[in-house]
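Trainee: Model the following, please.
(one chain, ligands or ions: 1)
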Amino acid sequence: MPNPVPTTREMERINWMEFREWVPERIQTVLLPLGTLEAHGATANGTDIIAPVAIARAIADRVNAMIAPVVPYGFTGVLDAYPGGFTIPEDVYRAYVRAVVVGLAGNGFRNIILLNGHGGGQTAVLQSLGQEVGRETSTRILVVNWWSYCSDVVREVYGEDGGHAGNTETAFMLAVDPSLVQKDRYSGAEMATPIPAPNTWSAYPFPSSILLYTEGEGYPDFDLEKAKVYFTKVNEKMAALIEETIAKWELAKL
Ligand SMILES: [Zn+2]
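Mentor: Numbering: from 1, shown residues only. So this is what the prediction gives:
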């Protein structure tokens, strides 16, 4: 008799014999985290990698999913001039992620959930790939930008809007591991710039690595207890989206 749960949900840790016992008969869903290396104010350059991996680990049991190894390199864009970050050219990135998703489909997963940690050009690539590969492989693909899907959670916990490397991500990193946040390197508002309204201005490199969604709101507050509440609520909302989406796919017999 196989165990009631797999010994691990992480695809790089399970062996092929056990994988075969679970997928696709008893596990039809895979979570694929995707990030990039990019400056994030007082927190880690790998925030966009670490956050979706943490979400995947937090929700995999609840949504009965395997966790695919993260795709760590991505399309960083306007912040790639900051030390330690860089951009993978779009055509290369697209082809590589496409092969990863096709590979997951080929292993029998029916529901492929792309947990994206980074926005801008990367979001556009993933959304178009999701549709293309879903159609081609007859799988069901959900692409979710966790920070923007959960922007209401920031407002609920912090009473204001968040920002790139603001509370939205800095608090999330604090909850994952406080050593990922260096409060003493944060010098306040001078380190942040509001995201320009569309077609007003743009700059390369962007002048700050903290980008506020609303001017004057979203500065990191470094409050660990609030961060833990926020982390739990984000994971709850993410798991609910995945459950509801799969339930509706099932209902529609897609
Ligand atoms: Zn980020």
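
Trainee: Spell out which parts of this structure neighbour the ion.
Mentor: Contact residues (CB under 5 Å from the ion) of the chain with the ion: 47-48, 169. Where C-beta positions appear, they are placed from N, C-alpha and C, glycine not excepted.

Trainee: Throw the residues you listed into TSV and include pLDDT and neighbour count, thanks.
Mentor: Formatted as TSV, the residues of the chain next to the ion follow (pLDDT from 0 to 100; neighbours: other CB atoms under 10 Å):
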residue	pLDDT	neighbour count
Thr47	98	29
Asp48	98	29
Glu169	98	28
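
Trainee: A strand includes Glu225, no?
Mentor: No. Counting by DSSP: H, G, I helix; E, B strand; the rest coil, Glu225 is not found in a strand; it is helix.

Trainee: What is the burial count for it?
Mentor: Glu225 has 9 neighbouring residues, counting by other CB atoms under 10 Å.

Trainee: Not including adjacent chain positions, what is the nearest residue to Val5?
Mentor: Once flanking residues are discounted, Val5 sits nearest to Asp61: 7.5 Å by CB to CB, 6 or more residues apart in numbering.

Trainee: Which helix or strand contains that neighbour?
Mentor: Assigning secondary structure by DSSP states H and E places Asp61 outside every helix and strand.

Trainee: Can you lay out the residues of the chain next to the ion as JSON lines showing distance to Val234 and secondary structure?
Mentor: Shown next, in JSON lines, are the residues of the chain next to the ion (distance: CB to CB, whole Å; DSSP: H, G, I helix; E, B strand; the rest coil):
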{"residue": "Thr47", "distance to Val234": "14", "secondary structure": "helix"}
{"residue": "Asp48", "distance to Val234": "14", "secondary structure": "helix"}
{"residue": "Glu169", "distance to Val234": "11", "secondary structure": "helix"}
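
Trainee: So which residues of the stretch 51-200 of the chain form helices?
Mentor: Listed in chain order, the helices of the stretch 51-200 of the chain (DSSP state H, counting those that start in this stretch) span residues 90-106, 121-137, 146-149, 151-158, 167-176.
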